[in-house]
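Any chance you can model this:
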Amino acid sequence: MAVEHKVNEKYINFASVIDDVTLEQNAKTSRMPFIYPHLASMPDAHLGKGAAVGSVIPTLGAIIPAAVGVDIGCGMIAVRTRLFAPDIAGLNRRVLREAIEHAIPLSAGNNNRSLTDSARLRVEELADDAAAAGFDPASYLKGWRLQLGTLGSGNHFIEVSLDEEDAVWLFLHSGSRGVGNKIAQQHIRAAQNYCGRRSIDLPDRDLAYLEEGTEEFDRYIAELMWAQKFALLNREEMMDRVVGCFSAWTGEAVQERERINCHHNYTEVEHHYGRDVWLSRKGAIDASPGRPGLIPGSMGTASYVVEGKGYAPSLNSAPHGAGREYSRTKARRTFSQEQLRKAMKGIEFRDTPAFIDEIPAAYKDIDAVMADAKDLVTVKHVLRQIVNVKGN
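Numbering: from 1, shown residues only. Presented below is the predicted three-dimensional model:
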């Protein structure tokens, strides 16, 4: 059986390793009056803004913007190629890493100087969607168009990996970038103002919510859905560029055997326990029956390609990664660049102290997380990185 610890009638915890602060944060969220049927805390859960990262929050008639997350639509995309390790054995992986770093702007604040043809088409589609939704993304971020096809920083990455059969995979993690963050922050403030005007008593200011049937709610949903699509297309654009770099590196066109693109910070309407609910996955993936999904480990550890089992108590959800054990500040105080080099042995990466806070030891053991998730997903492939690209 999956690890299940029922904290109260509206809170199920699936983590065998979780700190008391995160337990209390999720218990507090679960007591909000519109939670139905219960909050599910994933195996990788850790402290977050308002609601913990790694929580699945079903609500009736309301949404908590901070419980969706500030990187709206953040998620993963992976492509399985037809090549195997022997096909690329003699090639210089540093050349590929540097080509990817040149093709895709990395780090916060770095945007495209111009748009590729594919990015232009995607941006035009997004502009039309925004107009139909009644808002202008430029009111949030003037240069939003030039952000499509950019990685960002933190735990976002691009990797080339090998699975258990030595098949080559291309893998990346990113979201809706600055424009999505600004949309999220605006609606978190709107929810706080909404609750404040109605003198609603909140256990945490970041658990402020918007109620269905109000203008504020409708505006949030319209812009939320747009940001989720931006994130999805942002990953598609970057993956197309990675595929191009990989093709140039190998000297042959990439034949894709499989492509998976999934969110892990998002909201949508789903049916659970007899009711339609707004289901917010803040650091969790859809693990409905047969649904393909991606669960990355930390920098230098395994990642997993999975298929959902549709486990009802988890609200058809599964973890989205390893989950942090050390804050970025604490990781920088605790670990060294030499320890990072040792953890990344055999992996082509940019050797810089900027990545110390992303060292695998700053995260939970991904294998322990997956053990807790054994009833939530079936593991289809286990990936090990051979090339890693990150922003500072």
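
just for the protein, where's the confidence low?
1 (pLDDT under 70).

Which parts of the protein are helices?
Secondary structure of the chain (DSSP state H): helices located at 20-30, 85-88, 93-103, 117-133, 177-197, 215-250, 328-334, 337-343, 366-372.

To residue 289, which of those lies closest?
Residue 289 lies closest, by CB to CB, to one member of the helices of the chain: helix 366-372, at 18.7 Å. C-beta: built from backbone N, CA, C; applies to glycine.

got the helices of the chain as TSV, with distance to residue 292 columns?
Shown next, in TSV, are the helices of the chain (distance: least, CB to CB, whole Å):
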stretch	distance to residue 292
helix 20-30	27
helix 85-88	23
helix 93-103	24
helix 117-133	22
helix 177-197	23
helix 215-250	15
helix 328-334	31
helix 337-343	29
helix 366-372	16
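
Let me have those in JSON lines, extended by mean neighbour count and distance to residue 308.
As requested, the helices of the chain are exported to JSON lines (neighbours: other CB atoms under 10 Å; distance: least, CB to CB, whole Å):
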{"stretch": "helix 20-30", "mean neighbour count": "19", "distance to residue 308": "22"}
{"stretch": "helix 85-88", "mean neighbour count": "14", "distance to residue 308": "29"}
{"stretch": "helix 93-103", "mean neighbour count": "17", "distance to residue 308": "30"}
{"stretch": "helix 117-133", "mean neighbour count": "15", "distance to residue 308": "27"}
{"stretch": "helix 177-197", "mean neighbour count": "20", "distance to residue 308": "25"}
{"stretch": "helix 215-250", "mean neighbour count": "20", "distance to residue 308": "18"}
{"stretch": "helix 328-334", "mean neighbour count": "14", "distance to residue 308": "31"}
{"stretch": "helix 337-343", "mean neighbour count": "14", "distance to residue 308": "30"}
{"stretch": "helix 366-372", "mean neighbour count": "20", "distance to residue 308": "14"}
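
Looking at these, which is nearest to residue 389?
helix 93-103 (5.0 Å).

Using CSV, write out every CA atom in that closest one.
Taking Å, rounded to 0.1, in the frame of the first residue of the first chain, the C-alpha atoms of helix 93-103 are listed here in CSV:
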residue,chain,number,x,y,z
ARG,A,93,29.1,16.4,-24.9
ARG,A,94,30.5,19.8,-24.0
VAL,A,95,29.9,20.9,-27.6
LEU,A,96,26.2,20.0,-27.2
ARG,A,97,25.9,21.7,-23.8
GLU,A,98,27.3,24.9,-25.1
ALA,A,99,25.1,24.8,-28.2
ILE,A,100,22.0,24.5,-26.0
GLU,A,101,23.2,27.3,-23.8
HIS,A,102,23.6,29.4,-26.9
ALA,A,103,20.2,28.5,-28.4
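
So which elements touch that helix?
strand 157-162, helix 215-250, strand 377-390 (3 or more CB pairs under 8 Å, 6 or more residues apart in numbering; DSSP states H and E).

Who are the contact partners of residue 308?
Residues in contact with residue 308 (CB atoms under 8 Å, 6 or more residues apart in numbering) are 285-293, 316, 318, 376-377.

one step back: Serialize the helices and strands packed on helix 93-103 to a markdown table and add fields for distance to residue 168.
Formatted as a markdown table, these follow (distance: least, CB to CB, whole Å):
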| stretch | distance to residue 168 |
| --- | --- |
| strand 157-162 | 6 |
| helix 215-250 | 8 |
| strand 377-390 | 8 |
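
quick one on the thing from earlier: buried ones among the contacts of residue 308?
Using 16 or more other CB atoms under 10 Å as the burial test, the contacts of residue 308 include 285-288, 291-293, 316, 318, 376-377 as buried.

mind listing which of these are in strands?
285-286, 292-293, 318, 377 (DSSP state E).

Relative to residue 185, which of those residues is nearest.
residue 285 (23.9 Å).

just to revisit the earlier point, can you name the two of the ones in strands among the buried ones among the contacts of residue 308 that sit furthest apart?
Checking those with CB to CB, the most distant pair is 292 and 318, at 11.4 Å.

Mind listing the shared neighbours of these two?
Counting by CB under 8 Å, 6+ apart, the residues touching both residue 292 and residue 318 are 306, 308.

out of the helices of the chain, which comes closest to residue 42?
Shortest distance between residue 42 and these, using CB to CB, is found for helix 366-372: 8.3 Å.

For the nearest residue to residue 101 once chain neighbours are set aside, which residues count as its bridge partners?
In this structure, residue 101 finds its nearest non-sequential neighbour in residue 389, 5.8 Å apart by CB to CB, 6 or more residues apart in numbering. Note on residue 389: beta-bridge partners residue 158, judged by DSSP bridges.

residues touching residue 389, list them.
Contacts for residue 389 (CB under 8 Å, 6+ apart) come out as 97, 100-101, 104, 106, 151, 157-159, 349-350.

returning to what we had before: right, and the helices and strands packed on helix 93-103 - which one's nearest residue 20?
Ranking the helices and strands packed on helix 93-103 by proximity to residue 20 (CB to CB) places strand 377-390 first, at 27.0 Å.

Any idea how far that closest one is from the middle of the chain?
The chain centroid and the centroid of strand 377-390 are separated by 15 Å, computed with CA atoms, centre = their mean, to the nearest Å.

which parts of it are buried?
By neighbour count on 16+ other CB under 10 Å, the buried set for strand 377-390 is 377, 381-390.

Using PDB, list the CA coordinates for that strand.
Output of strand 377-390 as PDB, limited to C-alpha atoms (Å, rounded to 0.1, in the frame of the first residue of the first chain):
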ATOM      1  CA  VAL A 377       2.300   5.600 -10.500                       C
ATOM      2  CA  THR A 378       4.000   2.800 -12.500                       C
ATOM      3  CA  VAL A 379       7.600   3.500 -13.400                       C
ATOM      4  CA  LYS A 380       8.100   3.100 -17.100                       C
ATOM      5  CA  HIS A 381      11.700   4.400 -17.400                       C
ATOM      6  CA  VAL A 382      14.500   5.500 -15.100                       C
ATOM      7  CA  LEU A 383      16.700   8.300 -16.600                       C
ATOM      8  CA  ARG A 384      20.300   9.200 -15.700                       C
ATOM      9  CA  GLN A 385      21.700  12.500 -16.900                       C
ATOM     10  CA  ILE A 386      24.800  12.700 -19.100                       C
ATOM     11  CA  VAL A 387      24.400  16.500 -19.900                       C
ATOM     12  CA  ASN A 388      23.000  19.200 -17.600                       C
ATOM     13  CA  VAL A 389      22.200  22.800 -18.500                       C
ATOM     14  CA  LYS A 390      21.000  25.300 -16.000                       C
END
